[in-house]
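Build me a model from this:
(one chain, ligands or ions: 1)
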Amino acid sequence: MAKIRLFIDHPLAAGQPVPLDQGQAHYLSGVMRQREGAEVAVFNGRDGEWTARIDRLAKREGTLMPVAQSAPQQDPPDLWLVFAPIKKARTDFIVEKAAEMGAARIMPVQTDHTNSERIRQDRLQAHAVEAAEQCGGTFVPEVTDLQPLQRMLSDWDPSRRILWADESRVGVAETLAGLPAGPWAILIGPEGGFSGNERRQLADLAHVVPVSLGPRILRADTAAVAAMALWQAALGDWGGG
Ligand code: SAM
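From the prediction side, this is the model:
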C-alpha cells in the first residue's frame, strides 16, 4: 500500500506532538482507516519528511508524534510560474502540475484576455499541497492571489528574468541552452494570447526573454508544463543545468 503522506503546518521535531485538524483526522481515520500506533509520513515544507506515529485518533481530532526524519528538506530551484487563469479544471491542472514539476511560487495574473476575474486562492493552494503530498516532495509552493499583469510587471525585480512563452514565435527553432542561471519566472498567457499592448510592454523589458514552444500552438495548460520541463532540463534540478 502506498505510503500515507500528510502536509502538516506545524513544526516537526522528535518527540514534539503535532495536533491533527478535523480534515486530517477524518482523512486518517475515515478515509485511510488508520488506527492509533500506525505510522505515516509528514512534512511541513521546512523540516523535511518525518515518520510520525499516530498517538491519538478520533473522528475530528488526534495527535501525531514525530519519530525520526526520513528525508531531508529539498527546496526546488528558484523558478516561479506566472500564468493567466483559464477554465477552472484547467487552472487546477496548471497548479497541480506546477507543484509537481518544481515551481517555487505560482502566480496567477489577470491579462487583457483573461476570462476569469477571480480565483479561489485557498482552493488552488490546497491543490498545491495535495500535489506535494502525492509526488513525494517536501516543499509546497505558495499560490499567490490574482493580480493584474501590469502591476506585477511594474513591481518586478529585474534580477529575476522572465521566460515569456510567446505564441507569435510558434515555429521558431530555439532552445534554452545558453540562458544564464539564476532566478527565473515562466510567463504563460491565456487562451486568447497576449494583447498588443502587453506584447509591446513585454518586448521592451530587458529582463524578459521571449521563447517559442515549438511548431504548434499549445493550450495554456500544456504550454505551462512544456515550458517548465524545458527550463528544469536546461537550468533546473533535472540534471541538465
Ligand atoms: N490564441 C493564441 C493564438 O492563437 O496565437 C494562443 C494562445 S495559447 C492557447 C496560450 C498561451 O500558451 C500563449 O499565450 C503562450 O504563452 C503559450 N503558448 C502556446 N503555444 C506556444 C508556442 N508554440 N510558443 C510559445 N508560447 C506558446
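
Please, which helix or strand holds the residue most central in space within the chain?
Centroid-nearest residue in the chain: A99, 2.9 Å away (criterion: Cα atoms, centre = their mean). Secondary structure from DSSP states H and E places A99 in helix 88-101.

ok so, going back, report the spatially nearest residue to the residue nearest to the centre of the chain, omitting neighbours in sequence.
Of all residues not flanking A99 in the chain, A131 sits nearest, at 3.7 Å (Cβ to Cβ, 6 or more residues apart in numbering). For every residue, glycine as well, the C-beta is placed using N, CA and C.

residue contacts, that neighbour?
Residues counted as contacts of A131 (Cβ atoms under 8 Å, 6 or more residues apart in numbering) are 95-97, 99-100, 137.

Check the gap between it and R5 for me.
Using Cβ to Cβ, to the nearest Å, A131 is found at 11 Å from R5.

thinking again about what came up before, got a pLDDT number for the residue nearest to the centre of the chain?
Listed pLDDT for A99 reads 98.

That one contacts V140, correct?
Yes - using Cβ atoms under 8 Å as the test, A99 is close enough to V140 to be in contact (7.0 Å).

burial count for the residue of the chain found nearest the ligand?
The chain approaches the ligand most closely through G189 (2.4 Å), counting by Cβ to the nearest ligand atom. By the criterion of other Cβ atoms under 10 Å, G189 has 27 neighbours.

Which residue, other than its chain neighbours, is closest to it?
In space, G189 is closest to A84, 5.5 Å off (Cβ to Cβ, 6+ apart).

how about the one you found, what does it touch?
Listed by Cβ under 8 Å, 6+ apart, the contact set of A84 reads 108-111, 113-114, 149, 188-190, 220.

if we take the contacts of A131, which one ends up nearest to A13?
Of all these, A13 sits closest to G137, with 20.3 Å by Cβ to Cβ.

before we move on, which element is the closest one in?
Here G137 sits in a region with no helix or strand, counting by DSSP H and E.

Could you do P19 as well?
Applying DSSP H and E, one finds P19 within strand 18-20.

what residues does that strand touch?
Outside strand 18-20, the residues that touch it by Cβ under 8 Å, 6+ apart are 8, 10, 12, 28, 42, 52, 57, 61-66.

same for the ligand: which of the residues you listed are within range?
When the contacts of strand 18-20 are checked against the ligand using Cβ under 6 Å from any ligand atom, none falls in range.

Tell me which of those residues fall in strands.
Taking DSSP state E, the ones among these that sit in strands are 42, 52, 57, 62-66.

top of these by neighbour count?
Highest neighbour count within the ones in strands among the contacts of strand 18-20: L64, with 27 neighbours (other Cβ under 10 Å).

distance of the residue of the chain closest to the ligand from F43?
In terms of Cβ to Cβ, G189 sits 33 Å off from F43.

re the thing from before, the residue of the chain closest to the ligand contacts L149, correct?
No - G189 is not in contact with L149 according to Cβ under 8 Å; the separation is 9.2 Å.

Residues that sit against both of those two, list them.
Taking Cβ under 8 Å, 6+ apart as the criterion, G189 and L149 both touch 84, 111, 198.

Make JSON lines out of these and add secondary structure, pLDDT and distance to the ligand.
Shown next, in JSON lines, are the shared contacts of G189 and L149 (DSSP: H, G, I helix; E, B strand; the rest coil; pLDDT from 0 to 100; distance: Cβ to the nearest ligand atom, whole Å):
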{"residue": "A84", "secondary structure": "coil", "pLDDT": "97", "distance to the ligand": "7"}
{"residue": "T111", "secondary structure": "coil", "pLDDT": "97", "distance to the ligand": "8"}
{"residue": "E198", "secondary structure": "helix", "pLDDT": "98", "distance to the ligand": "10"}
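
between these, which is closest to P76?
Nearest to P76 among the shared contacts of G189 and L149, with distances taken as Cβ to Cβ, is A84, at 22.1 Å.
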